[in-house]
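In: Sequence and computational prediction follow.
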Amino acid sequence: MKIRLGLLGASDSLEIIQSVVNKYPEFICTSLECLTEEDLIEKVRPHLDEIDMWLCSGPITYKIVQDWKGIEVPVFYVTYSGSTLYKTVLRVLYEQQVEVDEISFDSCNISAWEHALQEAGIKTKPRFVESEMISLEGLVTYHFELWKSGQTKAAVTGHPIDHELHRLGVPAYRSLPSTMAIEAVLTNILRTYEMLHFKATQIAVQIIEIDSFLGLKKDSFSTDEIFRIELKYMEKLLSYTKKVHGSIKPSGFGRYVIFTTRGLLQDVTGNFSHIPDISNLDELSKEAVTCGIGIGQTVYDAEINAGNALLHAKECAKGTWMVCFDNKKIAGPLGKPEQLTYSYASKQLESISRQTSLSVITLNKLKSSLKKLSSDKLNANELAKYMQIPPRSARRILTTLEQNGFAQVVAEEKPHTRGRPRKVYRISPF
């Protein structure tokens, strides 16, 4: 199967890349000259469903693509290093008769430029290197202000920044991709494609538990009614199983196991971000269906992981879906904005678990919650929200950590309504 590769960047760079890609029979290329976000909207959007992976001609084009956020498949770019960099610098030094410390650079970090200069036998170190991929306008301003103030006499950048700097009178030079750099990224693309193809064919097992009693009146149901409800769910699960090209088997009262592949399940869950659509299930019925998804290289591994995922789902609430990957990472609840990804295998957390009597899973969820909040401080209500547990359970966890020296009360917040102040805890690094 051929890889449909989209090429993005300036036309002269694309010609060089295309000449190298032509030597690889694994690729079918679509080359699109794109210099702005408007180009992406006009030229790339119509081809999104036709391309497996994209390759940008350099880091600046890659930055434009990343800021656009319109491409969901993997995107790569050609890196500039070694001979590609020092050839450009030597050209600037020869044509402009300047010193290295009178040139402004971007697109690479300072160590890359220093290494390239050392390879060329130049001992002078660069003074002005913008390593961050800031906006195009920001990079133009960066180079122009240095030149205008007399601190630099030339700039080394990418396209279309060089074009704008030329318009402003700045001597600007750009590097073009080297054959070696293009071959390196094409090799990386091939490996990534193989890895993704392998992942897509991994075994996926779903263990589904159905609460047939949910919604029944306490004093007015019979075994016949329960059987009728079971048949209704079974019919819908059969339709869903057909959708994921899988097979289904009963596994005890109210429990079913569905076998399919990771790739198909990724498609129906939006890369494991939401619960798949099981036709004609109302809100009450959705609440009755709890599911653990397991991914593995064998059916046995996938079933074990699905069982672990189901246990985590049942800890949260009815109607929860969780997934356990082959690397023992747990993700979920699917469809929730507070979705967490955590592992239940950690020697450091096992040590803290022994000291606090809190499970490794609980500690991992706490760690993931702090990562989501981008902070080492939180209160019980925030922890309850992210871990999908009652506030009293969250308070118990934080109190336990405080008692064992892994948390410290650093503030108290007064609630908007009546009630006791909420303690804010700083959690020690795990």
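Out: Noted; the coordinates are in hand.
In: contacts, neighbours, all on C-alpha from now
Out: Fine.
In: need the contact list for residue 323.
Out: Taking Cα atoms under 8 Å, 6 or more residues apart in numbering as the criterion, residue 323 is in contact with 272, 292, 293, 294, 295, 306, 309, 330, 331, 332.
In: What are the structural domain limits within this protein?
Out: 3-78+179-197, 83-174, 201-336, 347-427 (automatic domain parsing).
In: I'd like those domains as a markdown table, with mean pLDDT appended.
Out: A markdown table is the format used below for those (pLDDT from 0 to 100):
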| stretch | mean pLDDT |
| --- | --- |
| domain 3-78+179-197 | 90 |
| domain 83-174 | 85 |
| domain 201-336 | 83 |
| domain 347-427 | 82 |
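In: Verify the contact between residue 107 and residue 157 for me.
Out: Yes. The pair residue 107 / residue 157 is scored as a contact, 6.7 Å apart, by Cα atoms under 8 Å.
In: Next, the residues that contact the helix or strand residue 105 falls within from outside, please.
Out: Assigned by DSSP states H and E, residue 105 belongs to strand 103-106. Strand 103-106 is touched from outside by 126-132, 139, 143, 146, 152-157, with contacts defined as Cα under 8 Å, 6+ apart.
In: want to try CSV for the contacts of residue 323, with neighbour count as columns?
Out: Compiled in CSV, the contacts of residue 323 are given as follows (neighbours: other Cα atoms under 10 Å):
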residue, neighbour count
272, 21
292, 27
293, 32
294, 31
295, 29
306, 28
309, 29
330, 25
331, 22
332, 27
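In: Please pull up the helix or strand immediately following the strand holding residue 105.
Out: helix 110-119.
In: so how far is the first residue of stretch 250-270 from its last?
Out: End-to-end distance for stretch 250-270, by Cα to Cα, to the nearest Å: 26 Å.
In: And stretch 95-110, end to end?
Out: End-to-end distance for stretch 95-110: 23 Å, by Cα to Cα.
In: cool, and stretch 350-367?
Out: End residues of stretch 350-367 are separated by 13 Å (Cα to Cα).
In: Might you calculate how far that stretch sits from the centre of the chain?
Out: 26 Å (Cα atoms, centre = their mean, to the nearest Å).
In: Give the bridge partners for the closest residue to residue 328 other than its chain neighbours, please.
Out: In this structure, residue 328 finds its nearest non-sequential neighbour in residue 343, 5.9 Å apart by Cα to Cα, 6 or more residues apart in numbering. Beta bridges link residue 343 to residue 329, judged by DSSP bridges.
In: just how off-centre is stretch 252-272 within its chain?
Out: Per Cα atoms, centre = their mean, the centroid offset for stretch 252-272 relative to its chain is 21 Å.
In: where along the stretch 1-150 of the chain do the strands fall?
Out: Counting by DSSP state E, counting those that start in this stretch, the stretch 1-150 of the chain has strands at residues 3-9, 27-33, 53-56, 75-77, 103-106, 128-130.
In: Repeat that for the stretch 151-300 of the chain.
Out: 154-157, 172-174, 203-210, 247-250, 255-261, 289-296.
In: Turn these into JSON lines, columns for distance to residue 164.
Out: Formatted as JSON lines, the strands of the stretch 151-300 of the chain follow (distance: least, Cα to Cα, whole Å):
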{"stretch": "strand 154-157", "distance to residue 164": "11"}
{"stretch": "strand 172-174", "distance to residue 164": "9"}
{"stretch": "strand 203-210", "distance to residue 164": "52"}
{"stretch": "strand 247-250", "distance to residue 164": "59"}
{"stretch": "strand 255-261", "distance to residue 164": "50"}
{"stretch": "strand 289-296", "distance to residue 164": "50"}
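In: Of these, which is nearest residue 74?
Out: strand 255-261 (20.5 Å; Cα to Cα).
In: Measure how the closest one sits relative to strand 203-210, angle-wise.
Out: Relative orientation of strand 255-261 versus strand 203-210 (axes from the mean of the first three to the mean of the last three Cα atoms, to 10 degrees): 160 degrees.
In: Neighbouring strands - and their directions - for strand 255-261?
Out: Strand 255-261 has these strand partners (DSSP bridges): strand 203-210 (antiparallel), strand 247-250 (antiparallel).
In: Take the ones you listed and lay them out in JSON lines including mean neighbour count and distance to residue 387.
Out: Below are those laid out as JSON lines (neighbours: other Cα atoms under 10 Å; distance: least, Cα to Cα, whole Å):
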{"stretch": "strand 203-210", "mean neighbour count": "26", "distance to residue 387": "21"}
{"stretch": "strand 247-250", "mean neighbour count": "14", "distance to residue 387": "31"}
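In: Check the burial of residue 372 by counting its neighbours.
Out: If you count neighbours by other Cα atoms under 10 Å, residue 372 ends up with 14.
In: I should have written residue 422 there, sorry.
Out: 16.
In: For beta bridges, what are the partners of it?
Out: Beta-bridge pairing of residue 422 under DSSP bridges involves residue 413.
In: From here on, call the first residue 176.
Out: Let's use 176 as the start, then, which means that last one is residue 597.
In: That one against residue 566, yeah?
Out: No. With contacts counted by Cα under 8 Å, residue 597 stays clear of residue 566, the gap being 10.9 Å.
In: Give the residues shared as contacts by those two.
Out: With Cα under 8 Å, 6+ apart as the test, residue 597 and residue 566 both reach residue 555.
In: Let's have the strands paired with strand 430-436 in CSV, adding distance to residue 578.
Out: Formatted as CSV, the strands paired with strand 430-436 follow (distance: least, Cα to Cα, whole Å):
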stretch, distance to residue 578
strand 378-385, 38
strand 422-425, 46
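In: Looking at the ones you listed, which is nearest to residue 208?
Out: That would be strand 378-385 among those, by Cα to Cα, at 39.8 Å.
In: partners of the strand holding residue 280, with directions?
Out: strand 303-305 (parallel), strand 329-332 (parallel).
In: just to revisit the earlier point, closest one to residue 492 among the strands of the stretch 326-475 of the chain?
Out: strand 464-471 (8.3 Å).
In: For the closest one, give me every contacting residue.
Out: Contacts for strand 464-471 (Cα under 8 Å, 6+ apart): 377-386, 437, 476-489, 493-501.
In: Could you list which of these belong to helices?
Out: Of the contacts of strand 464-471, the ones assigned to helices by DSSP state H are 437, 476-489.
In: Make a ChimeraX selection of whichever of these turn out to be buried.
Out: To isolate the buried subset of the ones in helices among the contacts of strand 464-471 in ChimeraX, counting by 16 or more other Cα atoms under 10 Å, use the following:
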select :437,476,477,478,479,480,481,482,483,484,485,487,488,489
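In: for the ones in helices among the contacts of strand 464-471, which one is nearest residue 336?
Out: Nearest member of the ones in helices among the contacts of strand 464-471 to residue 336, counting by Cα to Cα, is residue 437, at 42.5 Å.
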